[in-house]
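Chemist: coords please:
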Amino acid sequence: MKRPLIITTLLAAICLLFSFTEAHKNYRNNLYAVDSLSGQRKQLVDSILNSLPGKANSAADSVFSNIRTFTGNQRLPVKHLLAVMDYWGEALGVGCYHCHAKTSWSSDDLANKRIARQMYNMRDVINTQILGKMTDVDPKIARVNCTTCHNGNTVPLHH
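Modeler: Here you go, the predicted structure:
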């Protein structure tokens, strides 16, 4: 009876170790990857900021229409919201038009924009309702973000 349990435990440990090794290898491979769309995103962010003189520190939901994620106690200034959007683009390896329609930033026509909102909410639930309630985990240190799973890919890698 003990022998099958020991063998099963060893196999599980080997599989777990292999998955961590592969995850670390993928992380290291992407760590130094060049973000080829960073220039495009920077140009668009600069263009938006230049079109809004004196509003960089205003609440984003008072300047832009259809802001649904960063509202209430999560309100952000315009320049911070644009930095978050740039980070999301970097974390997924995409440009602004992956989520935003070229003809209307506020449009919800693209599924990727709706998915991004849902993923942000999922991240928030994990950080506050799951990690925040773990007694042996410091929720200020143990947090997930886009890069935790995506690591520069539009679809998270399966380990």
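
Chemist: going forward, measure contacts and count neighbours with C-alpha atoms only.
Modeler: Fine.

Chemist: Now for Leu131: which residues touch it?
Modeler: Counting by C-alpha atoms under 8 Å, 6 or more residues apart in numbering, Leu131 touches 137-139, 142-143.

Chemist: now Gly93
Modeler: Residues near Gly93 by C-alpha under 8 Å, 6+ apart: 35, 37, 152-154.

Chemist: Can you tell me which of those residues is closest to Asp86?
Modeler: Leu37 (9.8 Å; C-alpha to C-alpha).

Chemist: shaky segments in this structure?
Modeler: For the chain, the stretches with pLDDT under 70 are 1-34, 158-159.

Chemist: that older thread, neighbour-wise, which of the contacts of Gly93 leads?
Modeler: Gly152 (24 neighbours; other C-alpha atoms under 10 Å).

Chemist: Then it would be within a helix, right?
Modeler: No. For Gly152, which was evaluated using DSSP: H, G, I helix; E, B strand; the rest coil, the result is coil, with no helix membership.

Chemist: Tell me who's in contact with it.
Modeler: Under the criterion of C-alpha under 8 Å, 6+ apart, the neighbours of Gly152 are 30, 90-93.

Chemist: And for Tyr120?
Modeler: Listed by C-alpha under 8 Å, 6+ apart, the contact set of Tyr120 reads Thr69.

Chemist: And for Met85, nearest residue in space, chain neighbours not counted?
Modeler: Leaving aside its chain neighbours, Met85 sits nearest to Cys96 (7.9 Å; criterion: C-alpha to C-alpha, 6 or more residues apart in numbering).

Chemist: which residues of the chain fall in strands?
Modeler: Applying DSSP state E to the chain gives no strands.

Chemist: That one: helices as residue ranges?
Modeler: 2-31, 38-50, 60-63, 78-92, 111-125, 146-149 (DSSP state H).

Chemist: Now the contacts of Leu131 in CSV, please, with extra columns for neighbour count.
Modeler: Below are the contacts of Leu131 laid out as CSV (neighbours: other C-alpha atoms under 10 Å):
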residue, neighbour count
Val137, 12
Asp138, 12
Pro139, 16
Ala142, 10
Arg143, 16
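
Chemist: Closest one to Leu110 out of the residues you listed, please.
Modeler: Of those, the one sitting nearest to Leu110 (C-alpha to C-alpha) turns out to be Arg143, at 28.1 Å.
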